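> sequence unknown, structure follows:
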Ligand SMILES: OC[C@@H]1[C@@H](O)[C@H](O)[C@@H](O)c2nc(CNc3ccccc3)cn21
């Protein structure tokens, strides 16, 4: 008996990204991306792992579509590799790159799976990085031109478009922390990059709409509820600043409010350079907000003068000592954080539609006697689905949920050392082995809800 049933037509799905699963980095005219450069730079990724082969999805996609069909998920979120479409970032279009995604979309539709296409999931053509990358305003225009090319080819069949995946990570992990490509460590550049990413979204949306009639267009943000480490005033204020840094810096301009004043004051002369019309472009109406939720941000005050934010994350070992269970990424497992986030989004921004475009967890999955028992992942997903159900009951316009990830894949700087998949990948043989969570999720989809 289904105790917590989801609305009819709820879009259960799985999610992946091009550089993390495709491999075939030199095939059919693909150009290099900044992640090819970064992963081949010694010391940047776990044991020097690269996406050269990954899951070899570029060649094994028919089997992967079949595994999606067997799972029974009605939707699949994947990203398109800009370097396959425009190997130099602009100019000459690579038809063989478009052909690959054309075949994939047709196979998904044939399998009655709705494709959700992410246009940018971190794999910027290296040629554009050589011309300044996202720190250069011209890259925003190049992105809109790329979106136009793809939407013209696929827009008759793809009706759900996500411009960007997690601009906060691109800007601050890639250009401030430097642990993602292109590996820059400069606060001013990172903040300017965040502006150019939002601007590129604003210019891409009309291009997509023009080429894909009645398409639903949105953007995916990594968002977290921010919790102060203590009730001390300094920690509560630090949490407010961190909420501005992580959440409001992107949500406010996307929902027509411009950049948050408190963050512009905090950033001071690090604030981005914007041109007249930029904020109007960024605020172009969207049809849905994509939310990637993994864990809350636990924050405490930090007096360091080198930290304009004066707020830092509580380290994982402290969270564990406080009683939180952690995933293999060191992220605290807090299903209620998803409910809290969704309610806040509904209260403060009231998007017309929300999709959870990523939620999942890495655990120390072991292949034993040809099977992978992953009870922790089943418990994680169960509890987060229950939190999503509570949010739905409280009026949040949640229309779908994409589990990260369909299969184990290249986990960026962690390489292949972290496994998020519902399907286990044996990287020696590239064999796909559905984990127990795959069968469990299939049951949830069939019942359209949680049984207990
Ligand atoms: O780490 C799991 C996934 C990753 O594989 C996806 O490509 C990416 O969209 C993704 N985003 C998050 C959450 N945000 C985040 C924060 C700091 C560093 C990296 C990701 C998790 N994940």
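Perfect, thanks for sending it. None of these values were measured; they are calculated from a predicted model.
> state whether residue 102 is indeed within a helix.
Yes: according to DSSP: H, G, I helix; E, B strand; the rest coil, the state of residue 102 is that of a helix.
> so how far is the ligand from it?
24 Å (CB to the nearest ligand atom, to the nearest Å). Quick note: C-beta positions are derived from backbone N, CA and C, even for glycine.
> now swap in residue 2 and tell me
29 Å.
> tell me, how many residues neighbour that residue?
Using other CB atoms under 10 Å, residue 2 is surrounded by 13 other residues.
> just to check, it is in contact with residue 445?
No: in this structure, residue 2 is not within contact of residue 445 by CB atoms under 8 Å, at 11.7 Å.
> so the nearest residue to residue 106 once chain neighbours are set aside: helix, strand or coil?
Computed as CB to CB, 6 or more residues apart in numbering, the closest residue to residue 106 that is not its neighbour in sequence is residue 157, at 7.3 Å. Following three-state DSSP, residue 157 is assigned to coil.
> and residue 157, what does it touch?
105, 106, 109, 115 (CB atoms under 8 Å, 6 or more residues apart in numbering).
> tell me which helix or strand residue 200 sits in.
helix 187-211 (DSSP states H and E).
> swap in residue 250?
Going by DSSP H and E, residue 250 is part of helix 249-254.
> next SSE after that helix?
That would be, after helix 249-254 and using DSSP H and E, helix 261-267.
> list the buried residues for that next one?
The neighbour-count criterion (16 or more other CB atoms under 10 Å) identifies 263, 266, 267 as the buried residues of helix 261-267.
> which one of these is nearest to the ligand?
residue 263 (18.6 Å; CB to the nearest ligand atom).
> residues contacting the residue nearest to that closest one when sequence neighbours are not counted?
Nearest residue to residue 263, sequence neighbours excluded (CB to CB, 6+ apart): residue 244, at 4.3 Å. Residues in contact with residue 244 (CB under 8 Å, 6+ apart) are 260, 262, 263, 266.
> need the residues you listed in JSON lines with distance to the ligand, can you?
Shown next, in JSON lines, are these (distance: CB to the nearest ligand atom, whole Å):
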{"residue": "260", "distance to the ligand": "20"}
{"residue": "262", "distance to the ligand": "22"}
{"residue": "263", "distance to the ligand": "19"}
{"residue": "266", "distance to the ligand": "20"}
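> so which bits of the stretch 251-400 of the chain are right by the ligand?
Taking CB under 6 Å from any ligand atom as the measure of proximity, the stretch 251-400 of the chain contacts the ligand at 292, 294, 358.
> if we can go back for a sec, the residue nearest to residue 263: what secondary structure?
Going by three-state DSSP: residue 244 is helix.
> and for residue 367, the neighbour number?
13.
> my error: substitute residue 315 in the last question.
12.
> pLDDT at it, what is it?
Looking at residue 315, its pLDDT reads 97.
> tell me how far it lies from the ligand.
Counting by CB to the nearest ligand atom - residue 315 and the ligand are separated by 14 Å.
> on that earlier part again, quick one: the residue nearest to residue 106 and residue 93, what's the gap?
18 Å (CB to CB, to the nearest Å).
> do the same with residue 129
Residue 129 is 20 Å from residue 93, by CB to CB.
> who's more crowded, the two?
residue 129 (22 against 17).
> quick check: the more buried one touching residue 36?
No: Residue 129 lies out of contact with residue 36 (CB under 8 Å); the separation is 10.6 Å.
> before we move on, the earlier item: tell me what the helix holding residue 200 is packed against?
In terms of contacts (3 or more CB pairs under 8 Å, 6 or more residues apart in numbering; DSSP states H and E), helix 187-211 is packed against helix 138-154, strand 160-165, helix 167-168, strand 216-222, helix 249-254, helix 278-282.
> perfect, I'm done here.
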